[in-house]
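Undergrad: turn this into a model:
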Amino acid sequence: MAFSKGMVAFTREQEALVLDAWNEMKDDAATIGLNFYLRIFEIVPSARKKFSFLSDSDEPLSKNPKLKAHAMNVFVMTCESATMLRKTGKVTVGNITLKKLGGVHTKAGVAGLHFEVLKFALLETIKEAVPYMWSPEMEEAWGVAYDHLAAAIQAEM
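TA: Down below sits the predicted model:
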């Protein structure tokens, strides 16, 4: 999907901030991704019900292997999508299609407000992961990149 009309442009400076942060985080993507999901469930405990693989498990979330794998995949996909935004001129999501992501989110009953919770959780997680790099400019850069990804997914829902 090309940039949506009305979306804020993703600048070279924002791209550099996102790339710098991603380069710092990528070696620890599994842990940071899990922290991202734990933050989501802390904010909205009922969000657990949106994940069928959690319904049949009594295992603590922080130790659930299916959640760990899913969280890492989503976090990596989100970060890599952000880093590719200017290079490709569109939202890209690795080895899955935006249409499939839209379908998965529709089936799970994800709505607009959920995307705002995800954005807040993502920004807080990144801030916690790289506090020495965090600034209002970095927050804005990640926010703009996330907004493009969320809009692309929602357009396919």
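Undergrad: what are the buried residues along stretch 67-79?
TA: Within stretch 67-79, the residues that count as buried by 16 or more other Cβ atoms under 10 Å are 67-68, 70-79. For glycine as for every other residue, the C-beta is placed from the backbone atoms N, C-alpha and C.
Undergrad: distance between it and the chain's centre?
TA: 8 Å (Cα atoms, centre = their mean, to the nearest Å).
Undergrad: could you export it as PDB, CA atoms only?
TA: What follows is stretch 67-79, C-alpha atoms only, in PDB (Å, rounded to 0.1, in the frame of the first residue of the first chain):
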ATOM      1  CA  LEU A  67       3.100 -15.900  22.900                       C
ATOM      2  CA  LYS A  68       6.900 -15.500  22.900                       C
ATOM      3  CA  ALA A  69       7.200 -16.600  19.300                       C
ATOM      4  CA  HIS A  70       4.200 -14.500  18.200                       C
ATOM      5  CA  ALA A  71       5.400 -11.400  20.100                       C
ATOM      6  CA  MET A  72       8.800 -11.600  18.500                       C
ATOM      7  CA  ASN A  73       7.400 -12.000  15.000                       C
ATOM      8  CA  VAL A  74       5.000  -9.100  15.400                       C
ATOM      9  CA  PHE A  75       7.600  -6.800  17.000                       C
ATOM     10  CA  VAL A  76      10.200  -7.600  14.300                       C
ATOM     11  CA  MET A  77       7.600  -7.100  11.500                       C
ATOM     12  CA  THR A  78       6.500  -3.800  13.000                       C
ATOM     13  CA  CYS A  79      10.100  -2.500  13.300                       C
END
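Undergrad: contact partners of it?
TA: 18, 22, 25-26, 29-30, 32-34, 36-37, 51, 53-54, 61, 93-94, 96, 122, 146, 149 (Cβ atoms under 8 Å, 6 or more residues apart in numbering).
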